[in-house]
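1. mind looking at a prediction? Sequence and model below.
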Amino acid sequence: MTVPVWAWAAFLTFVVMMLVLDMFVLHRRAHEVSLREAGAWSAVWIAIGLGFGGLVWAWAGEGAAQAYLAGYLIEKSLSVDNIFLFAAIFSAFAIPARYQHRVLMFGIIGALLMRAVFIGAGIAVLEAIHPVIYLFGAVLLVAAVRMLRSTGHSAPQHPRVLRLLRRFLPVTDRLHGQRFVIRDSGRLLATPLLLVLLVVETTDVIFAVDSIPAVLAVTTDPFVVYTSNVFALLGMRALYFLLAGAAARLRYLRPGLAVILGAVAAKLLLADVYEFPAWSAPVFITAVLSVVAAASIRDNRRRAAPQPTAAATQSATAAPQPAGAAPRPAAGARQPAARLVVSGGDPLRGRPARLPQRRHRQRAQPELANRVRPGRRRLRRGLPRRPAGRAATRARSR
């Protein structure tokens, strides 16, 4: 598709105006982005991206619009995985939420510049050396396997990059507002925000190695590839504050992305054997993302449902009782003593007769019997009390 210069100029002017509006008007002062604000801006950016696809359809036809939609969905889905990685980076460096938007803003500006270079270089290499397409397919296949085997999102470590920065620019130990560098006693010092920005940019370069070949597998038109990347990246900031804490809820996201990358790799590797229709890519990506969302929602509901207890499970599996029967005691409860009905009682009313008394009483314990004085024991038996002392001696002598 041949794109005139004025179309490129109009597109770049729109992007620059939106970045200036966001940086110097909407987020001039550092503040924590609320979920309501993030949701509203996410809807705005998605509407702008899909609306631009409608313009491409009206201007360049159905094939270019389908290629744009496929590239937009690929980059958007991969950016969701990047969001969780960025959240791990901010957590590792203990960056407050009110300063994260500024880091993401400059990170996206750097990503837009680097993506332009990567897209131009990738298209030039594909046009000059066609077998490079198999190399891109192998890279995507390895990325799909790596994503499928990964268990979670952890902050990446780039010790060489950070060591290189510390060699040329000293780093302070604490934050200084939204500033990336400060001047202290005539020395230029970097703040932790600059370290985080450098890690974010390095991570985005690594992910661009996977995303750019995936979009080039759909189309090699530079205007379609770059515009789909730009609109997907511009909505990443608002989407970050909306989904940063939902990594555990999107349990099947990474397997779904692995399936998408594997399918794109298969399309690159089979490019000389079979030509897939243009509509197959957006339909397949939409179907995979729908399955991922439905499976994640079902898994979250299953986990949130209260688990039945052992007593409830036993009562549910027990046989039904006949009508009028007394309720059965719960498992583990103390059983009441059985009541014996003998002759002379009323079995219909459940009144038991008195049991015959035992003929002999239980004897007192020996230690209690020893405590009773001999005189009192004789009085209890009805015998006269024995005289004590001299009177007892005289009675025995008689």
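-> The structure has been received and is ready for your questions.

2. for the host helix or strand of residue 105, packing partners?
-> Using DSSP states H and E, residue 105 maps to helix 97-128. If you count contacts as 3 or more CB pairs under 8 Å, 6 or more residues apart in numbering; DSSP states H and E, helix 97-128 packs onto helix 5-21, helix 62-93, helix 132-149, helix 192-216, helix 222-234, helix 236-243. The way it works is simple: take the backbone N, C-alpha and C, and place the C-beta from them, glycine included.

3. buried ones in that helix?
-> If you call a residue buried by 16 or more other CB atoms under 10 Å, then helix 97-128 has these buried ones: 99-108, 110-112, 115, 118-119, 122-123, 126.

4. just stretch 51-65 next, same as before
-> 52-53, 56-57, 60, 63-65.

5. what are the contacting residues of that stretch?
-> 1, 68-69, 72, 219, 221, 224, 227, 231, 278 (CB atoms under 8 Å, 6 or more residues apart in numbering).

6. try 7 Å
-> If you take CB atoms under 7 Å, 6 or more residues apart in numbering as the criterion, stretch 51-65 is touched by 1, 68-69, 72, 221, 224, 227, 231, 278.

7. and the helices in the stretch 201-350 of the chain?
-> With DSSP state H, counting those that start in this stretch as the criterion, the stretch 201-350 of the chain has helices at 222-234, 236-243, 253-269, 280-304, 310-317.

8. quick one: average confidence on the longest one?
-> The predicted model assigns helix 280-304 a mean pLDDT of 84.

9. got it, and the last one?
-> Regarding helix 310-317, the rounded mean pLDDT is 54.

10. not counting stretch 120-127 itself, show me its contacts.
-> 132-133, 212-213, 216, 220, 222.

11. just put those residues in a markdown table and tack on neighbour count.
-> As requested, the contacts of stretch 120-127 are exported to a markdown table (neighbours: other CB atoms under 10 Å):
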| residue | neighbour count |
| --- | --- |
| 132 | 15 |
| 133 | 20 |
| 212 | 22 |
| 213 | 25 |
| 216 | 22 |
| 220 | 16 |
| 222 | 17 |
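
12. nearest to residue 31, of those?
-> Set against residue 31, the nearest of those by CB to CB is residue 212 (33.8 Å).

13. give me the nearest residue to the closest one, chain neighbours excluded.
-> Closest residue to residue 212 in three dimensions, ignoring its sequence neighbours and counting by CB to CB, 6 or more residues apart in numbering: residue 118, at 4.9 Å.

14. state the distance from residue 89 to residue 209.
-> Using CB to CB, to the nearest Å, residue 89 is found at 18 Å from residue 209.

15. which one's more surrounded, the two?
-> residue 89 (20 against 13; other CB atoms under 10 Å).

16. per-residue confidence at that one?
-> pLDDT, read off for residue 89, is 82.

17. what do you get for the one 5 residues further on?
-> With respect to pLDDT, residue 94 has a value of 81.

18. now it: phi and psi?
-> Here the main-chain torsion angles of residue 94 (degrees, to the nearest 10) amount to phi 60, psi 50.

19. residues in contact with residue 163?
-> Counting by CB under 7 Å, 6+ apart, there are no residues that residue 163 touches.

20. which SS class is it?
-> Here residue 163 is recorded as helix under DSSP: H, G, I helix; E, B strand; the rest coil.

21. try residue 189
-> strand.

22. and it, how many neighbours?
-> 17.

23. before we move on, the earlier item: out of the contacts of stretch 51-65, which comes closest to residue 13?
-> Nearest to residue 13 among those: residue 227, at 13.4 Å, using CB to CB.

24. so how far is residue 60 from that closest one?
-> 11 Å.

25. for residue 143, same thing?
-> Taking CB to CB, one finds residue 143 at 30 Å from residue 60.

26. swap in residue 22?
-> Residue 22 is 28 Å from residue 60, by CB to CB.

27. residue 199 too?
-> From residue 199 to residue 60 the distance is 38 Å (CB to CB).

28. what's the angle from the helix or strand hosting residue 59 to helix 236-243?
-> Using DSSP H and E, the element containing residue 59 is helix 35-60. If you take axes from the mean of the first three to the mean of the last three CA atoms, to 10 degrees, helix 35-60 sits at 140 degrees to helix 236-243.

29. quick one: helix 35-60 to chain centroid distance?
-> Here helix 35-60 is found 26 Å from its chain centre; the criterion is CA atoms, centre = their mean, to the nearest Å.

30. quick one: contacts for residue 296?
-> 249-252.

31. recalculate using a threshold of 6 Å.
-> With contact set as CB atoms under 6 Å, 6 or more residues apart in numbering, residue 296 has these partners: 250-252.

32. okay, now the unreliable bits of the stretch 251-398 of the chain?
-> 306-398 (pLDDT under 70).

33. could you redo the last one with a cut-off of 80?
-> In the predicted model of the stretch 251-398 of the chain, residues 251, 275, 278-279, 300, 303-398 satisfy pLDDT under 80.

34. ok, back up a step: take the contacts of residue 296 and lay them out in a markdown table including neighbour count and distance to residue 26.
-> Shown next, in a markdown table, are the contacts of residue 296 (neighbours: other CB atoms under 10 Å; distance: CB to CB, whole Å):
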| residue | neighbour count | distance to residue 26 |
| --- | --- | --- |
| 250 | 20 | 27 |
| 251 | 14 | 33 |
| 252 | 18 | 34 |
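
35. ok so, going back, would you reformat the helices of the stretch 201-350 of the chain as TSV and include distance to residue 14?
-> Below are the helices of the stretch 201-350 of the chain laid out as TSV (distance: least, CB to CB, whole Å):
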stretch	distance to residue 14
helix 222-234	10
helix 236-243	17
helix 253-269	29
helix 280-304	24
helix 310-317	60
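
36. nearest to residue 195, of these?
-> When the helices of the stretch 201-350 of the chain are ranked by proximity to residue 195 (CB to CB), helix 236-243 comes first, at 18.7 Å.
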